[in-house]
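S.K.: Give me a 3D structure for the following:
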Amino acid sequence: MLFRKFSTLQFLKDLHTFLKQKFHILQGLYCLAQQTPQISCATKCLNMLKDGAYLHEALALFPKQFDPIVIMFIRVGELSGRLPDTLMCAITYLDFKNSLKQKSLQLLFYPLILLIVLFGVLYSFVHLIIPQLETSNLGCNTKSLYVVYFALNTLLIFFLFLGTFGIICSLVPQIIKKTNCIIFKIPFIGSTYYNLQSAYFLKILAILLTAKIPTVFVFESLEATIPFQKIKKQYQACSIALKLGQPLGQVLSNISNIKNMIVIGSDDWIKKIDDIAETQLHTTQERMTIIMRIIEPLTLLLTGGILVMIILTVFNPLYDHLHAIN
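M.R.: As a prediction, this is how the structure comes out:
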């Protein structure tokens, strides 16, 4: 129990339970501060709230545990007086996010294993086998060895760059904000990435609207949280249009995924937004599956080609050497 890892989802669920049971938020945080994994976070929040700060301001000091979307949900709840409802929204969002992350990892698992194996083969050949061949007396063609070394080393550097870039992006999310315009321009992959992110925020919009948060407040909060300029502009346009008094149906037409697809005023129009988001996510995952199915055989072909190159590079001089001896 002492080494149990802090869980953002469990923290929010516990806090939501206390608030639904009519505990004061300070009492809820005090109870959470007695639980080992949550001592640091709950104690810090408790002290800040006693000094007059908001809960979302306190939680923002823990960016690794609480991402900007979760902070946005809690801020909306505090400013609208509906914190228990928006805490439930945050819990729903985290469940959705974890499910989406798990599905994405399942799609990426096999290609990543292939790429790691390919990287290991490349590294072993470039840094272990070729130096041995250069110093051997097998009579290897130095020029051909240099060409092979240069080609494989270039491929190795490319893989190192991709791996390093992926690690940096996971550690420093701000880089994604600066590179998303480039990613969106990549044919097929760019449109898939755009649809995934757009549907992702459409799902969050549905979660907020389900909690009956004022619509103007929903769009203001959401557009301030979106890191992707291409998507952010759509929600900014919605926020401005609502302030100018435009009908909600006309406002929602600014969002590309739901143009002319819902009728405002019907009993289930918010559910339709959620259904559209789910459909978009399902379609995007199918496209990602297609991309993975293309990458997998290409990776296998590349690995096979490199292995053939290694065999020819190593065994041709060896065969010539043995033939000369005979």
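S.K.: how long is stretch 132-147 from one end to the other?
M.R.: Stretch 132-147 has an end-to-end distance of 16 Å (CA to CA, to the nearest Å).
S.K.: Hmm, I typed the wrong one, I wanted stretch 48-63.
M.R.: Stretch 48-63 has an end-to-end distance of 16 Å (criterion: CA to CA).
S.K.: What is the distance between that stretch and the centre of its chain?
M.R.: Distance of stretch 48-63 from the chain centroid (CA atoms, centre = their mean, to the nearest Å) equals 26 Å.
S.K.: any weak-confidence spans in the stretch 1-150 of the chain?
M.R.: 1-5, 36, 133-145 (pLDDT under 70).
S.K.: can you give me the helices in it?
M.R.: 8-20, 25-33, 39-50, 55-59, 68-80, 83-124, 130-135, 142-171 (DSSP state H, counting those that start in this stretch).
S.K.: Of these, which is nearest Ala206?
M.R.: For the helices of the stretch 1-150 of the chain, proximity to Ala206 was assessed by CB to CB; helix 83-124 is nearest, at 9.8 Å. (Glycine included, C-beta is placed from N, CA and C.)
S.K.: If I follow the layout properly, Ala206 ends up in contact with Trp269?
M.R.: No. Using CB atoms under 8 Å, Ala206 is not in contact with Trp269, being 10.2 Å away.
S.K.: who's more crowded, those two?
M.R.: Using other CB atoms under 10 Å, the more surrounded residue of Ala206 and Trp269 is Ala206, with 20 against 15.
S.K.: centroid residue for this structure?
M.R.: Here the mean C-alpha position of the chain is nearest to the C-alpha of Lys101 (CA atoms, centre = their mean), at a distance of 6.9 Å.
S.K.: Any figure for the gap between that one and Tyr146?
M.R.: Distance, Lys101 to Tyr146, using CB to CB, to the nearest Å: 44 Å.
S.K.: Ok, Ala42 next?
M.R.: For Ala42 relative to Tyr146 (CB to CB), the value is 62 Å.
S.K.: Between these two, which has more neighbouring residues?
M.R.: Remark: of Ala42 and Tyr146, Ala42 carries more neighbours, 22 against 12, as counted by other CB under 10 Å.
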